[in-house]
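Asker: Here is a sequence together with a model predicted from it:
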Amino acid sequence: MIEALLIGFLLTATTSFNLSHIHKPHRSIQSNPLHSNINNTPFTLVGADAPLLSPLLSPFFPNLTTSSPPSPPPSITIYLNTNIHNTANFHEHAHNIKISSYEIAFDKSTLSDSRSLTHLTYNLDRLLTHASSPPSPPGSPSTYNFFGINTFFTSLTAPDVNQLESSIWSKLCLSSDAMELRVDLLSDCNNRWTVLHQMQSIRSLTKAHVVRGDLHMPIVFTVRSMGQAGKWPNDEAGIAAMYEMLEVGLRGGCEVLDVEANWGEKFIGKLLNHHKNAKHATLLLGSFHVVGGEAQINTEEGEKYARMCSLQGSAHCAKLVLSCFDESEAEAGLAKAVCETAVKNIPFCALHRGRRKVQPGGERPIHAREPPRPPLQSCARSNVIPRHYACAQFVSFQVRNSRPQH
């Protein structure tokens, strides 16, 4: 039985945490009792309730306009999704999605609660900052800068992130550079409003505690399928729905989108085109997990999987996870070896899963790219997350302490 798995991000040769290319706001900042930032970015808010919210938001967003579909003015267009229970007019809902590139969730029943407005303005401000940031080409210095030495993300595998104790967030932020939202493990994972709102909740819950970046906690948006250590259905209908949900992650402005790389042009091509045409600043993480199986993967197969994780040259980083059978040194090094050969010009994350409990530093679960090419770093769970939520991840300080110093 596999008791431990280290899932990872990557590191570069830099010694500083340089996340400014994603976090740094393009706005003037003034004082405001509800929201400290005034964002001057021009944008259009669409949706049935956009006119209702506009007067409340305009003091914070002076260049906000609203327009009734189907012809909003040419600017960043954000759909205000208040369709909590999928009861809105289907055609209007679908049209608002079609004419917008970004999306934000709001529960209008909480309009009288000032905390709800603060939550909305904070997330809208961050989404505008993301939407107005230029995309980073794969292999560019900014993509390497995003992942610094000993950089960790924490996988939030709770069915509802709001169920986690409030005291947990300051501790998580102390050792985490990003939070992974495992959409497939959410209790209401098929509801786009719920998924968007979970992303926004993470940002609001962490905003007072971010210490390893500038302003916002980056989010890794992951929908993991059955057969790759996840719960999302992996039949054709399920994978089609999965890639639709990945587009929701893009529209919500996630910083990193985990894209399972093995589902072919029919699904991947559409997502890559959407990412490119909408000029999203989200970084793409092409991933593939070999979980279990009857025989060890050979070098040729491993290289094929590693190349696949490059997402036809669109990935900003690649992640390959292989399973070990005899856990020999050679087998444990296969993921790294095939990535060294097959992954070109972008960082990679090469990991292996063991059949027995893996101790940090004991079974080499992390494989680094040797200089002059950037080495690779993994992330781990925090020791304050209940173990049944993240039973397959190490605690970050254990990994740091076990890793050779660079």
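Answerer: Thanks, I have it.
Asker: partner residues bridging the residue nearest in space to the middle of the chain?
Answerer: In the chain, the centroid-proximal residue (CA atoms, centre = their mean) is Val220; its distance is 1.6 Å. Counting by DSSP bridges, Val220 forms beta bridges with Glu180, Val256.
Asker: what residue ranges in the stretch 201-350 of the chain are flagged as low confidence?
Answerer: For the stretch 201-350 of the chain, residues meeting the criterion pLDDT under 70 lie at 212-214, 293-295, 325-332.
Asker: all strands for it, in order.
Answerer: Assigned by DSSP state E, counting those that start in this stretch, the stretch 201-350 of the chain shows strands spanning 219-222, 256-260, 283-289, 317-323, 348-353.
Asker: how close does Leu120 sit to Leu127?
Answerer: Distance, Leu120 to Leu127, by CB to CB, to the nearest Å: 10 Å. Yep, even glycine has a C-beta here, placed from its N, CA and C like the rest.
Asker: Show me whatever sits in contact with both of these two.
Answerer: Counting by CB atoms under 8 Å, 6 or more residues apart in numbering, the shared contacts of Leu120 and Leu127 are Ile104.
Asker: now the stretch 51-200 of the chain, which segments are flagged as low pLDDT?
Answerer: 68-74, 88, 147-150.
Asker: Try it again at 80.
Answerer: Counting by pLDDT under 80, the stretch 51-200 of the chain shows low-confidence ranges at 67-75, 86-89, 144-152, 175.
Asker: Strands of that one, start to end?
Answerer: Going by DSSP E, counting those that start in this stretch, the stretch 51-200 of the chain shows strands at 64-66, 76-81, 102-105, 153-156, 178-182.
Asker: Those into CSV, with extra columns for distance to Leu285 and mean neighbour count?
Answerer: Below are these laid out as CSV (distance: least, CB to CB, whole Å; neighbours: other CB atoms under 10 Å):
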stretch, distance to Leu285, mean neighbour count
strand 64-66, 32, 20
strand 76-81, 24, 24
strand 102-105, 20, 23
strand 153-156, 11, 26
strand 178-182, 10, 25
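Asker: Reformat those strands as TSV; add distance to Ala241.
Answerer: TSV is the format used below for these (distance: least, CB to CB, whole Å):
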stretch	distance to Ala241
strand 64-66	31
strand 76-81	18
strand 102-105	17
strand 153-156	21
strand 178-182	16
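Asker: and of those, who's closest to Val343?
Answerer: strand 153-156 (19.9 Å; CB to CB).
Asker: That closest one pairs with which strands, and in what direction?
Answerer: strand 178-182 (parallel).
Asker: any idea of the angle the partner strand forms with strand 256-260?
Answerer: Put simply, strand 178-182 runs at 40 degrees to strand 256-260, going by axes from the mean of the first three to the mean of the last three CA atoms, to 10 degrees.
Asker: May I see the buried residues of stretch 308-320?
Answerer: The neighbour-count check on stretch 308-320 (16 or more other CB atoms under 10 Å) flags Met308, Cys309, Ser310, Leu311, Ser314, Ala315, His316, Cys317, Ala318, Lys319, Leu320 as buried.
Asker: Residues contacting that stretch, please?
Answerer: Contact with stretch 308-320 is made by 8, 10, 136, 138-139, 143, 147, 258-259, 261-262, 268, 272, 275-276, 283-288, 302, 305-306, 335, 338-339, 342-344, 346-351, as judged by CB under 8 Å, 6+ apart.
Asker: before we move on, back to that, which of the buried residues of stretch 308-320 sit farthest apart?
Answerer: Maximum pairwise distance among these (CB to CB): 16.4 Å, between Ser314 and Leu320.
Asker: Is Leu45 bridged to anything, and to what?
Answerer: Bridge pairing for Leu45 (DSSP bridges) gives the partners Thr66, Ile78.
Asker: Perfect, I'm done here.
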